[in-house]
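**Student:** need coordinates for the below:
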Amino acid sequence: MKINKWCYLAGLVMIVCVFSILGCIANSLYSVNLHYDVADAVIPSYLTADQKVQGKTISVSEFTDTRQMEDRLVIGRVVEKNGMKILVLPQYTKPTQALAQGIKEYLRKAGYKVTVKIERWDLKEENLPKINSRILVGGNIEEMEITCWRGFPTNSYKTTIKVNIILADLASGKIIYKRTVESISSQEHIFFSEERLGDQASIALGDSIEKVFEEKAVAQKIKEIMAAQ
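**Tutor:** Just a heads-up that it's a prediction; the model follows:
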């Protein structure tokens, strides 16, 4: 009986250790779905495509990640109640691709014909791709940071995104417009989850995309080039 008792205790200790290890592994990082949902976007009337731009296409290139950090897959951190910092990574797509895809969907909703393929471009004028489109949209990510401070009674979420946008006229082979936009979103909430982390990041991503095109000068440049013969 004593042997069985000690075996039982040893087994119990082993189970506790296993679950403790699994718990540490489970919380070693967080992965989030970084995605801009264009369904609720309100397109400014001055950006909406008209008959003059029909038949001509816009292409979007994957953005360049120029954040000053060792691992550019990292997009944030969760600061646990004990002070431990846990990394946040994108689950399905890189930030550079998520931003490009979001811009594509936004321009499509505005009525423009946007090519399916995401192009590759190093943002140098002399290296513009030879493609059959009128405009190429590209740029770089200067900052992207999702931070959550776990606490009681609420958790604090903050996301900062800073991107540089570049428009190029592919017919003339010239860069015609540059703009920097920054978006900051924050929220206090009693619940914490990876899904909520992703929601906060996606809100800031969408806000950045919409800010790119809220300036009338951008819309004017796009329409002028698209309407040119």
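
**Student:** got any ranges where this protein has weak pLDDT?
**Tutor:** 1-27, 229 (pLDDT under 70).

**Student:** now do the strands in it.
**Tutor:** Counting by DSSP state E, the chain has strands at residues 29-32, 57-61, 64-65, 76-79, 85-90, 113-119, 135-149, 155-169, 174-189.

**Student:** mind putting those into TSV with distance to residue 100?
**Tutor:** Heads up, the C-betas are built off the backbone N, CA and C, glycines and all. Output for the strands of the chain, formatted as TSV (distance: least, C-beta to C-beta, whole Å):
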stretch	distance to residue 100
strand 29-32	18
strand 57-61	5
strand 64-65	10
strand 76-79	20
strand 85-90	13
strand 113-119	5
strand 135-149	8
strand 155-169	11
strand 174-189	15
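
**Student:** quick check, central residue of the protein?
**Tutor:** In the chain, the C-alpha nearest the mean C-alpha coordinate belongs to residue 95, at 4.3 Å (C-alpha atoms, centre = their mean).

**Student:** so who does the spatially closest residue to that residue that is not a sequence neighbour touch?
**Tutor:** Closest residue to residue 95 apart from its sequence neighbours, by C-beta to C-beta, 6 or more residues apart in numbering: residue 144 at 5.4 Å. Residues near residue 144 by C-beta atoms under 8 Å, 6 or more residues apart in numbering: 67, 75-76, 95, 160-162.

**Student:** beta-bridge partners for residue 144, please?
**Tutor:** Beta bridges link residue 144 to residue 161 when assigned by DSSP bridges.

**Student:** now it: how far from residue 67?
**Tutor:** 7 Å (C-beta to C-beta, to the nearest Å).

**Student:** do you know which of the strands of the chain lies nearest residue 40?
**Tutor:** Of all the strands of the chain, strand 174-189 sits nearest to residue 40, with 14.9 Å by C-beta to C-beta.

**Student:** so that closest one versus strand 155-169, what angle?
**Tutor:** 170 degrees (axes from the mean of the first three to the mean of the last three C-alpha atoms, to 10 degrees).

**Student:** for strand 174-189, which positions count as buried?
**Tutor:** Within strand 174-189, the residues that count as buried by 16 or more other C-beta atoms under 10 Å are 175, 177, 179, 181, 183, 185.

**Student:** pull stretch 116-123 out as CSV, backbone CA atoms only.
**Tutor:** Coordinates of each C-alpha in stretch 116-123 appear next as CSV, following Å, rounded to 0.1, in the frame of the first residue of the first chain:
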residue,chain,number,x,y,z
VAL,A,116,-4.7,40.6,-58.2
LYS,A,117,-0.9,40.1,-58.0
ILE,A,118,1.0,41.9,-55.2
GLU,A,119,4.1,43.3,-56.9
ARG,A,120,7.7,43.5,-55.6
TRP,A,121,9.4,46.9,-55.5
ASP,A,122,12.3,48.3,-53.5
LEU,A,123,10.8,51.9,-53.7
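
**Student:** quick check, nearest of the buried residues of strand 174-189 to residue 85?
**Tutor:** For the buried residues of strand 174-189, the nearest to residue 85 is residue 185 (20.3 Å; C-beta to C-beta).

**Student:** farthest pair in the contacts of residue 144?
**Tutor:** So, these by C-beta to C-beta: farthest apart are 76 and 162, at 14.0 Å.

**Student:** neighbour count for those two, which is higher?
**Tutor:** residue 76 (24 against 17; other C-beta atoms under 10 Å).
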